[in-house]
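A.B. asks: sequence first, then the predicted structure:
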Amino acid sequence: MSVPSENFVIREIHNSKKELQELTHMVLALSHHDGEKSTANALKLQKSIFVDKDLFVSLAYLDDEIVGFIAWCDTYSIHYGEKILYITGVYVKDSYRIKGYGTKLCDYIKLIAVKNGMRRIRWYIYGDNDKAQKFYDNQNAKIYRGYDIAEFELDTSLGMLSHD
């Protein structure tokens, strides 16, 4: 599945050295930004994505340049009694921020969830990351303050956000 817009497209990662190296660089940049120490490398990511198939990744391209990614896995919420999509990472390179690409990544992941019959998307958000919290507020995400969790609740029958 891809989401085109002019010269912008989001598509599943290919098992190529170039894409895996670029993903690794972005994962390291995201970890650094979040104050985390990453042990990710191209081989670990390749194994998780293409061998174990427990991680899904799509890359955002503008023309021929990779400008961001979104990574997720399927998990089960005991609280809701259903399968949910869990975002493990989302990143847009600094020079491409505030241009709508993060919104397009959010729209893309919502389509993926609906396509797979999931009503919820969850992810961890750092409590002190005010820019991210504002961005997700603008995307109509529920942010559970104090828990550092954010969520989209989807209406899978319509493929749209539910506004309960």
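C.D. replies: Thanks, I have the structure now.

A.B. asks: remind me, longest helix of this structure?
C.D. replies: With secondary structure taken from DSSP state H, the chain has its longest helix at helix 17-33.

A.B. asks: what does it rub up against?
C.D. replies: Around helix 17-33, the neighbours that count as contacts under CB atoms under 8 Å, 6 or more residues apart in numbering are 13, 37-38, 40-42, 45-46, 57, 59, 66, 68-69, 89, 91, 93. For the C-beta atoms, the positions are set from N, CA and C on the backbone; glycine is no exception.

A.B. asks: buried set for the longest strand belonging to the chain?
C.D. replies: Across the chain, the longest stretch assigned as strand under DSSP state E is strand 65-77. For strand 65-77, burial by neighbour count (16 or more other CB atoms under 10 Å) applies to 66-72.

A.B. asks: thinking again about what came up before, would you put the C-alpha positions of the longest helix of the chain in CSV?
C.D. replies: Output in CSV follows, covering the C-alpha atoms of helix 17-33 (Å, rounded to 0.1, in the frame of the first residue of the first chain):
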residue,chain,number,x,y,z
LYS,A,17,21.4,-2.3,1.7
LYS,A,18,20.6,1.3,0.9
GLU,A,19,17.2,1.3,2.6
LEU,A,20,18.3,-0.6,5.6
GLN,A,21,21.3,1.7,6.2
GLU,A,22,19.1,4.8,5.8
LEU,A,23,16.6,3.3,8.2
THR,A,24,19.4,2.5,10.7
HIS,A,25,20.6,6.1,10.5
MET,A,26,17.1,7.5,11.1
VAL,A,27,16.5,5.0,14.0
LEU,A,28,19.8,6.2,15.6
ALA,A,29,18.8,9.8,15.1
LEU,A,30,15.4,9.2,16.7
SER,A,31,16.9,7.4,19.7
HIS,A,32,19.4,10.2,20.2
HIS,A,33,16.6,12.8,20.0
